[in-house]
Each structure stands twice: as C-alpha cells, then as structure tokens.
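> quick check, what structure comes out for this input:
(one chain, ligands or ions: 1)
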Amino acid sequence: MKAPIGIFDSGYGGLTILKEVVNQLPNYDYLYLGDNARAPYGTRSFETVYQYTWEAVQWFFNQGCELVILACNTASAKALRTIQQINLPHLYPTKRVLGVIRPTAEIIAHYSTTQNIGILATTGTVNSESYLLEIHHFFEKTKVYQEACPMWVPLIENGEYDSPGADYFVQKHIQQLLQQNPQIDTILLACTHYPLLIPKIMEFVPSHIKVVPQGKIIAESLADYLMRHPEIAEKCAQNSQITFCTTDSTVDFNQKGAIFFGKTIKSQHILLGQ
Ligand code: DGL
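Numbers count the residues shown, from 1 in each chain. Now for the predicted structure:
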C-alpha cells in the first residue's frame, strides 16, 4: 500500500518547507502535521522535544507513511539522532525519518565568499550546536556564528511579523549576530518559521549579505534522496494530494497556515500523546 510523505513541524513553520517541496515534487502525496497545541518547541528541553517528536513520528507511521521529514530545525536538532539510531532500527527498520539540518549544512558554505556564516535559530537549535558540528563536518575551514532569537517564533505565530514589535526584536538579533564578525556574508534562517520575517529581516541586513531560507535546499535534497533511493520512492503515493493535520484549532490552522503555505488550507484535527 502506497502512502504519503509525512512532513512534520511544531506548528506552521514546516509549511514554508512543504510549499517548496510541492513546487519541486508536485506528483507526490503529502501528509502535514503541525503540533500547534504544544508549540513552540524552541524553548523546550531535549527530552520534551524528543518525546513530542517521537509521538508525532509514530502517528505518521500509523497513517502508513514510510518516509517522514522533520521540517523543524528544533526537532531535527534534538530528536532526529535518537530516532534514527535507536528507535527505527529496533521498531521500524524499513521506515525512514530525515531532518533539515544535514541537507542544509551540506550546501550552505557554497553561498559564502568569506566563509563566515551566521545562523539565526531557536534557542534549542543554537544550544544543540548541531549546525556548528554538521557544517564543520562538510566544511572544515568555514566559521559559523550563531544567534538565538527566542521571540521570533511567538511573534510570527501571533501574526506580529510585520509590527513595530517585530522591528525591535529583528534588529536586535541581526545586530548581535553581525557584531560577532563583520565578515559574515551569509545568514542562514535555520528555523522554518523565519521566512515570514524576511521582509523585516531585509530592512536590517546590509545589502551585500545573503539571507538564505531553507525551503528550496530541503526540496532539492529530498528530490535527490528519492532518486537515490527508488526502494523508498516506490512506496510513496503519487496522486498530488495534500492532507493537513493539526493538534490544535483547525480554524486557526486554516487561517494562519494559508499565510505560510501561500494557498488555502483545509485541516483536520488529530490528538497526540494519548
Ligand atoms: N519551526 C521550528 C524550527 O525550525 C521552531 C518553532 C518552535 O520553536 O516551535 O526550529
């Protein structure tokens, strides 16, 4: 039985990834889940993010998914390794769970001329140091500077991404990042929510600096993965159907999610952690 590709995020952010994935791979079916009832994940402990993410992954498996993408940097940083190395081999040896950090780290240094890269992310992603480790794994000489932006996800989730309140927090964190090294010429938006802040971010970033969202990078990497793994690709349904699920209000999800996805959404409610 063929099944959709699962796309998971703590809330709405993964929709910015799904949007690019659907552009790149329009024929596949997708099942999106936002754990809005328990978002944000970015300020939660390692154990909590792992537990929430593992519950979500098992839910996808119960829906028949063979491949699940953690379209959330925080979940990728804090839960992916345990799921891939401990849980899957014992419990679901044929299923696959992929994250967003490695595919981004594999490519991000190609954007930089000075080899000084700034990372903007949640506190959880920054503290995990996953980007430092992963980028150095592929690009030994690249220097990586991080800045946690704990207020950005709440601003975005509450529709305040274009408000004067956003000006203050966006400017503050851009300044704090760039102060770490004036040679930074590339800023990675290492949180899937942040693309909504791009117009605001561009107001405070000097024009010679590239601001890189992850959507296209992840979409291209998934296309490449499915080509290299036909045994997984052939288990994925291809009827161009997208199903949206949320653990919180479907009314909110339909309204706010449409802003992230760029199209109308009709979501279903599901429960996790029962
Ligand atoms: N969108 C998630 C990420 O990419 C973070 C949002 C949250 O804090 O829940 O890290």
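> now do stretch 192-201: distance from first to last residue.
Length of stretch 192-201, first residue to last, Cα to Cα, to the nearest Å: 14 Å.
> off-centre distance for it?
Here the centre of stretch 192-201 is set off from its chain's centre by 13 Å, with Cα atoms, centre = their mean, to the nearest Å.
> lowest confidence element among the helices and strands of this protein?
Here the helix or strand of the chain ranked lowest by mean pLDDT, DSSP states H and E is helix 152-157, holding a mean of 91.
> now check that one, is it near the ligand?
Yes: applying Cβ under 6 Å from any ligand atom, one finds helix 152-157 touching the ligand at Val153. To be clear about C-beta, it is placed using only N, CA and C from the backbone, and glycine gets the same treatment.
> buried residues, that helix. List them.
Neighbour-count burial for helix 152-157, counted by 16 or more other Cβ atoms under 10 Å, picks out 152-153, 155-157.
> now the helices for the protein?
Using DSSP state H, the helices found in the chain span residues 14-24, 46-62, 73-78, 80-82, 88-91, 101-105, 123-128, 130-138, 152-157, 164-179, 198-204, 215-228, 230-233, 250-261.
> would you confirm that Val5 contacts Asn27?
Not Val; residue 5 is Ile. No: contact criterion Cβ atoms under 8 Å: Ile5 and Asn27 do not qualify, at 11.0 Å.
> among the two, which residue is more densely surrounded?
Ile5 (27 against 10; other Cβ atoms under 10 Å).
> for the more buried one, which residues make a bridge with it?
Tyr30 (DSSP bridges).
> how close does it sit to the ligand?
Separation of Ile5 from the ligand (Cβ to the nearest ligand atom, to the nearest Å) stands at 18 Å.
> next one: Leu197
From Leu197 to the ligand the distance is 12 Å (Cβ to the nearest ligand atom).
> ok, now Leu31?
Leu31 is 18 Å from the ligand, by Cβ to the nearest ligand atom.
> tell me the contacts of the residue nearest to that residue when sequence neighbours are not counted?
Closest residue in space to Leu31, ignoring its immediate chain neighbours: Pro4 at 4.1 Å, by Cβ to Cβ, 6 or more residues apart in numbering. Going by Cβ atoms under 8 Å, 6 or more residues apart in numbering, Pro4 touches 28-31, 63-65, 236-237, 241, 243.
> among those, which ones are buried?
Buried, going by 16+ other Cβ under 10 Å: 28-31, 63, 65, 236-237, out of those.
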